[in-house]
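Colleague: compute the structure for the input listed below.
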Amino acid sequence: MAEGLSVALPLRIDPVDGAYGLNKTLVDMATQNLKMVILTSPGERVMEPEFGVGVRNYLFAQNSPGLSAQLRDRISQQVSKYLPYISLNNLQVFSPSILGGIDNTRLNIIINYSIPAANVVADLTIPIKI
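Modeller: The predicted model follows:
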């Protein structure tokens, strides 16, 4: 029987794990959970109507420092509520630079996080096209 911490998403058949591929490390599982919190819109998760940041809901929002601050706050709130085992060490939401200017059609979310109980530190980068 295959051993792992959680089912890896997207679902896929794995020749070693069997019916579903599995997350084998704590970092893989935590990274997947962080992505789910950030990319899930409130109301999408069954029985948890407030779960998720809902980055897609900001698709047509005006890209401004206020938007970045709002996303940072929402990510922090959601992580503390739904992923209390994760500590956010550094959370950045910003528009990347292009050719000496700023690309207002994109946001980068860069998270440095730790799992204190396991003495694990890792990074996650999520590029968003708005």
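Colleague: tell me the contacts of the residue nearest to N57 when sequence neighbours are not counted?
Modeller: Leaving aside its sequence neighbours, N57 sits nearest to S41 (CB to CB, 6 or more residues apart in numbering; 5.9 Å). Placement of C-beta: from N, CA and C, glycine included. Shown in contact with S41 (CB atoms under 8 Å, 6 or more residues apart in numbering): G52, G54, R56, N57.
Colleague: least confident secondary structure element in the chain?
Modeller: Lowest by mean pLDDT, DSSP states H and E among the helices and strands of the chain is strand 101-102, with a mean of 74.
Colleague: which one (most neighbours) among the contacts of S41?
Modeller: G52 (22 neighbours; other CB atoms under 10 Å).
Colleague: count the neighbours of G18 for me.
Modeller: 11.
Colleague: that one bridge partners, please.
Modeller: Beta-bridge pairing for G18 (DSSP bridges): D14.
Colleague: could you check how far it is from R12?
Modeller: 11 Å (CB to CB, to the nearest Å).
Colleague: picking up where we left off before, and the least confident helix or strand of the chain, what does it pack onto?
Modeller: Taking 3 or more CB pairs under 8 Å, 6 or more residues apart in numbering; DSSP states H and E as contact, there are no helices or strands that strand 101-102 lies on.
Colleague: just the residues contacting that strand, thanks.
Modeller: S95, P96.
Colleague: what residue ranges in the chain score low on pLDDT?
Modeller: 1-2, 130 (pLDDT under 70).
Colleague: quick one: the helices in it?
Modeller: 26-39, 65-82 (DSSP state H).
Colleague: closest to N89 out of those helices?
Modeller: Evaluated over the helices of the chain, closeness to N89 peaks at helix 65-82, with 11.5 Å, by CB to CB.
Colleague: next, the angle helix 26-39 makes with that closest one.
Modeller: 130 degrees (axes from the mean of the first three to the mean of the last three CA atoms, to 10 degrees).
Colleague: how about residues contacting helix 65-82?
Modeller: Contacts of helix 65-82 (CB under 8 Å, 6+ apart): 34, 37-38, 48, 51-55, 58, 61, 86, 88, 91-95, 107, 109, 111, 113.
Colleague: perfect, I'm done here.
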